[in-house]
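Participant: Using only what follows, build the 3D model:
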Amino acid sequence: MRIEVKDLRFSYGGAEVLHGISFAAGAGDVVAVLGPNGVGKSTLFRCLLGFLRPRSGEILLEGKNIRSMDHQELARQIAYIPQSAAPAFNYTVLDSVLMGMTSQIGVFSSPTAAHREKAMEALESLGIAHLANRGCGRISGGEKQMMLLARALVQDAKILIMDEPTASLDYGNSFRVMRRIETLGEAGYTVIFSTHEPNQAFRYASRVLALRDGRLLADGRPAEVLHEDTLSALYGIGVAVRCAEVDGMNYSISIPKGEK
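Facilitator: Next up is the predicted model:
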């Protein structure tokens with residue numbers, strides 16, 4: 001599934017927030033949208049999901065403008081995974097995942113055995129099938145994020161948009177969630193996730209879009225475009241980029257040096 005963004009512009013009132021954003025991503029791409037707070041990452045996502053209408057420009061799915069799609073058609077193409085948050089109701093993990101199939105089941109219909117089997121398969125693929133009957137208020141932050149991923153997978157959408165998927169997670173759970181994102185890309189999904197962390201882009205993304213003041217500062221493979229001067233300009237601090245070898249693999253890492 002290919003998504004293409006052409007000269008996207010969006011304004012809140014008279015203040016332009018996105019300034020001519022263009023990029024494309026296809027099957028197997030894991031795209032990190034990188035940048036500090038307030039640069040337009042969330043606004044970009046809301047436009048991609050059809051929640052906001054751009055002032056100008058196009059968003060195309062397999063060449064079709066999303067403006068011509070209704071909510072159900074768009075949901076079959078793009079799934080949204082929000083930041084993990086405390087649930088309002090203590091639904092079971094399985095029931096929470098089944099909610100991702102609303103467009104397939106219907107609002108007033110009940111899930112069938114086939115729907116439940118499909119939801120369990122999604123939970124099994126993410127390693128949390130043992131939590132199926134547990135209330136979602138009684139699982140960890142990392143497990144909630146996996147649950148939200150499973151809910152997105154049962155939509156059958158091939159484009160996954162994730163808003164800061166490791167926000168508030170500890171080091172171990174952050175790794176587990178990001179590793180799952182990496183494997184989804186390997187499985188042929190198109191994944192677009194936002195992050196404040198350059199090292200997540202270096203480690204897990206096949207491509208990075210670096211946003212500054214609503215404009216693309218860099219677009220390309222992380223190791224090729226996330227240079228020290230780019231990261232320093234992005235965050236307003238001195239940043240060093242170094243290479244580290246771990247178990248025979250070379251990784252680029254960023255290290256803040258302090259105020260510029």
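Participant: How about Met162: what's its closest non-neighbour residue?
Facilitator: Closest residue to Met162 apart from its sequence neighbours, by Cβ to Cβ, 6 or more residues apart in numbering: Phe193 at 3.9 Å. C-beta: built from backbone N, CA, C; applies to glycine.
Participant: low-scoring stretches of the stretch 151-260 of the chain, by residue?
Facilitator: By pLDDT under 70, the low-scoring segments of the stretch 151-260 of the chain are 258-260.
Participant: can you map out the helices along it?
Facilitator: Here the stretch 151-260 of the chain has its helices, by DSSP state H, counting those that start in this stretch, at 171-186, 198-204, 222-225, 228-235.
Participant: any idea which of those is most buried?
Facilitator: Most buried of the helices of the stretch 151-260 of the chain by mean neighbour count (mean count of other Cβ atoms under 10 Å) is helix 198-204; its value is a mean of 21.
Participant: send the alpha carbons of that one over as CSV?
Facilitator: This file holds the C-alpha atoms of helix 198-204, laid out as CSV (Å, rounded to 0.1, in the frame of the first residue of the first chain):
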residue,chain,number,x,y,z
PRO,A,198,16.7,10.6,17.1
ASN,A,199,18.0,7.2,18.3
GLN,A,200,14.7,5.6,17.6
ALA,A,201,14.9,6.9,14.0
PHE,A,202,18.5,5.6,13.7
ARG,A,203,17.7,2.2,15.2
TYR,A,204,14.3,1.3,13.8
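Participant: Just list what it packs against, helices and strands only.
Facilitator: Packing partners of helix 198-204 (3 or more Cβ pairs under 8 Å, 6 or more residues apart in numbering; DSSP states H and E): strand 30-34, helix 171-186, helix 222-225, strand 249-259.
Participant: looking at those, which is closest to Ile81?
Facilitator: helix 171-186 (9.4 Å; Cβ to Cβ).
Participant: Next, the angle strand 30-34 makes with the closest one.
Facilitator: Helix 171-186 and strand 30-34 are oriented at 130 degrees to each other (axes from the mean of the first three to the mean of the last three Cα atoms, to 10 degrees).
Participant: How far does helix 171-186 sit from its chain's centre?
Facilitator: Taking Cα atoms, centre = their mean, to the nearest Å, one finds the center of helix 171-186 at 11 Å from the center of the full chain.
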